[in-house]
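Engineer: just need the structure, nothing else, for what follows:
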Amino acid sequence: MRRLTLLLFIGLLQINLHAETLSMENISAHIQKGLQTRIKGQNKPIIQNIYAKTGNKPLWIGTKNTTKTSQLIQALNDPLFNYKNRSFDQKSIKLLFYQLDNGEISRRKQAAAYAKLDLVLTSSMVRLVRFIVQGDVDWNMVQEKLETLAHSDDITARWEMSLKAFPNQNELISAIEDGDIYEYLTSLLPMERHYKKLVKLLKNYRIMDKFPKIKYSKKSLKMGDSSSRIKEIKKRLQISGDYPKKAPINSKFDQTLKNAVITYQKRYLIKVTGMVDRTTTYYLNQPVKNNIQAIITNLDKTKLYPKKFENEYIEINIPDFNLRYYKDQQKIMKKGIVVGRIDRPTPLFSDAITYMVLNPTWTIPDNLIKRDLIPVLRQNPMYLEENNIHAFQGKKKIEITQEMLDPYEKSEKRVPYRFVQFPGETNALGRVKFMFPNKYAVYLHDTDNKSLLSRRYKIYSSGCVRLEKPFDLVDTLLEHTRKRYSQTKIDEILESNKPTTISLRKSIPVHIVYFTVYEEDGLAYFKNDIYLYDKIIEESVEGNKKSTFTIPEKRMISVKKNAQPLSN
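Structural biologist: Just a heads-up that it's a prediction; the model follows:
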């Protein structure tokens with residue numbers, strides 16, 4: 001169909017516009033009229049400005065414009081730019097091509113038809129540009145739904161979004177006049193490297209065969225087993241690329257299948273066993289349309305970000321439970337993280353690390369005093385002493401009693417006492433914290449409970465991000481400190497048990513993001529939508545808007561199961 005459209009189009013544009021009724025002047029006059037009567041909506045001022053700055057002349061009609069118009073038509077059908085297969089008036093364009101090419105429009109009306117075609121093509125170009133840059137998600141609706149969670153479910157969900165304006169119109173006009181359609185559209189792609197990988201994944205999953213259904217069984221399948229179910233599992237994993245294309249499809253659970261199962265379990269954050277149990281079977285039985293929707297939603301999220309991040313930066317991907325450090329477009333570090341509980345989600349925003357603190361103290365935030373500390377002290381009056389936490393009123397250290405705290409547990413007034421956990425092995429922040437001062441009081445830090453990093457869903461903090469092997473990050477950041485610190489000096493500081501600040505001469509950007517789908521090292525990873533942000537986005541898209549959002553009663557992760565008091 002695309003080839004047919006292009007052939008019709010090329011034939012159309014090679015028509016000799018020699019007759020008076022088809023003169024460029026006559027077409028231009030109809031364009032000026034059409035700008036007032038045919039064009040409507042938010043793009044009208046932009047389209048009018050494009051023609052005003054180009055002398056109201058046809059931009060796509062005529063033999064000299066054949067190449068760029070062909071590029072535009074291809075771009076409208078290219079998933080790189082139009083991954084949702086939006087119409088952008090392509091039916092109208094094809095119909096006009098057909099009618100003009102087959103003489104279905106009278107000579108007297110052809111100038112008006114050419115003008116209409118030119119206007120529709122310009123409108124489609126503008127709409128495509130807007131989709132590439134802004135998408136079709138109502139991000140204000142997303143924010144409203146996030147805010148309502150505080151009232152409906154006592155969840156404070158914060159996501160700083162950078163909504164983009166329509167791009168510079170002069171650059172758009174230059175691209176149209178010069179015919180650099182593909183080059184210009186590509187220049188607009190957000191998070192280009194990540195975006196292109198997602199588009200490639202989307203293409204692959206759209207052409208995948210239907211997944212075969214695998215029967216459930218109480219018995220887990222493991223290497224050495226034989227079963228008719230194994231044949232279906234091999235077919236299923238072969239379709240998704242986990243099991244080699246040329247490997248045999250039989251009922252034997254061999255080493256090749258075990259390797260495929262392990263790869264699949266890693267990609268979906270399933271407990272890696274190399275066996276097919278009920279949980280793995282459940283994931284294998286999810287339809288491919290779920291993968292396609294997840295990829296599309298993650299492509300939508302790229303609209304909130306620039307074409308690329310800085311030359312050196314840290315990316316914290318919440319649903320992936322990983323921190324990655326990039327330098328010169330290369331990943332130089334990857335570490336596991338513990339993030340905010342699903343009822344206390346880690347905020348999504350960007351900032352920059354400016355200093356580190358070795359042997360940090362932890363001043364317990366007011367909200368955690370009320371939500372966690374007061375109830376804990378009611379059950380265990382020795383909790384402060386056992387955890388090296390000291391109470392202060394002003395600068396004066398005091399002895400605290402339950403009676404002093406009770407009036408503030410349900411009050412909106414701030415608790416007039418400070419609770420400070422001194423440095424040490426039991427400190428909730430561990431031995432180091434990485435500071436990027438922000439209004440959420442969220443930062444990266446070590447942890448006193450490293451066992452949590454081995455869990456499947458690492459959702460245990462009250463918003464801050466705990467880091468696996470934090471001193472690997474310390475070593476990397478020491479390259480940017482104002483003073484030189486030898487390993488011996490670092491060891492001395494840690495041994496002293498005194499809080500010590502190490503400033504950076506170069507701040508390192510930190511981007512806390514929420515991508516549930518990504519491609520890395522040639523594999524596609526799909527992670528659980530832990531905070532349900534993907535679901536909220538899906539229900540805030542043009543054509544699928546739901547005015548409210550309700551958290552389902554049953555979730556894959558329990559709030560109570562992951563609720564640990566005084567976890568920062």
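Engineer: tell me the secondary structure for Lys213?
Structural biologist: Judged by DSSP: H, G, I helix; E, B strand; the rest coil, the three-state class of Lys213 is coil.
Engineer: wouldn't it be in contact with Pro287 here?
Structural biologist: No - contact between Lys213 and Pro287 fails when scored by CB atoms under 8 Å: they sit 9.7 Å apart. Just so you know, the C-beta spots here come from the backbone N, C-alpha and C atoms, and that holds for glycine as well.
Engineer: which of the residues in the biggest strand by length in the chain are buried?
Structural biologist: When the chain is parsed with DSSP state E, its longest strand is strand 500-513. Using 16 or more other CB atoms under 10 Å as the test for burial, strand 500-513 gives 500, 502, 504, 508-513.
Engineer: can you name every helix or strand that that strand contacts?
Structural biologist: strand 312-317, strand 350-358 (3 or more CB pairs under 8 Å, 6 or more residues apart in numbering; DSSP states H and E).
Engineer: let's have these in JSON lines, adding mean pLDDT, distance to Glu468 and mean neighbour count.
Structural biologist: JSON lines is the format used below for the helices and strands packed on strand 500-513 (pLDDT from 0 to 100; distance: least, CB to CB, whole Å; neighbours: other CB atoms under 10 Å):
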{"stretch": "strand 312-317", "mean pLDDT": "98", "distance to Glu468": "12", "mean neighbour count": "20"}
{"stretch": "strand 350-358", "mean pLDDT": "98", "distance to Glu468": "16", "mean neighbour count": "19"}
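Engineer: who wins for proximity to Glu385 among the ones you listed?
Structural biologist: Of all the helices and strands packed on strand 500-513, it is strand 350-358 that lies closest to Glu385, at 24.2 Å by CB to CB.
Engineer: other residues contacting the closest one?
Structural biologist: Residues from elsewhere that reach strand 350-358 (CB atoms under 8 Å, 6 or more residues apart in numbering): 160, 314, 431-438, 444, 474, 477, 490, 493-494, 499-504, 507-512.
Engineer: any idea how far the helix or strand just after it is from the chain center?
Structural biologist: Downstream of strand 350-358, the first helix or strand assigned by DSSP states H and E is strand 362-363. Remark: strand 362-363 is offset 31 Å from the chain centroid, using CA atoms, centre = their mean, to the nearest Å.
Engineer: in the stretch 1-150 of the chain, which spans are helices?
Structural biologist: Counting by DSSP state H, counting those that start in this stretch, the stretch 1-150 of the chain has these helices, from start to end: 2-13, 24-37, 44-53, 66-76, 90-101, 107-134, 139-152.
Engineer: hey, least reliable of these by pLDDT?
Structural biologist: Least confident of these, judged by mean pLDDT, is helix 2-13 with a mean of 48.
Engineer: and Leu72, how far from Tyr83?
Structural biologist: Counting by CB to CB, to the nearest Å, the gap from Leu72 to Tyr83 is 17 Å.
Engineer: apologies, that question was intended for Thr273.
Structural biologist: On the measure of CB to CB, Thr273 and Tyr83 end up 35 Å apart.
Engineer: okay, now the unreliable bits of this protein?
Structural biologist: 1-21, 556-565 (pLDDT under 70).
Engineer: report how many residues lie close to the nearest residue to Ala113 once chain neighbours are set aside.
Structural biologist: Once flanking residues are discounted, Ala113 sits nearest to Ile105: 4.8 Å by CB to CB, 6 or more residues apart in numbering. Other residues near Ile105 number 17, with proximity taken as other CB atoms under 10 Å.
Engineer: my guess is Ile105 contacts Gln99. True?
Structural biologist: Yes - judged on CB under 8 Å, Ile105 makes contact with Gln99 at a distance of 5.1 Å.
Engineer: overlap of the contact sets of these two?
Structural biologist: Ala113.
Engineer: and the strands in the stretch 451-568 of the chain?
Structural biologist: With DSSP state E, counting those that start in this stretch, the ranges of strands along the stretch 451-568 of the chain come out as 459-461, 465-467, 500-513, 517-520, 523-526.
Engineer: residues near Ile207, how many?
Structural biologist: When neighbours are defined as other CB under 10 Å, Ile207 has 8 of them.
Engineer: any idea how far it is from Asp78?
Structural biologist: Going from Ile207 to Asp78 by CB to CB gives 16 Å.
Engineer: who's in contact with the closest residue in space to Thr447 that isn't next to it in sequence?
Structural biologist: Computed as CB to CB, 6+ apart, the closest residue to Thr447 that is not its neighbour in sequence is Arg466, at 4.0 Å. Residues near Arg466 by CB under 8 Å, 6+ apart: 337-338, 430, 444-447, 452-453, 460.
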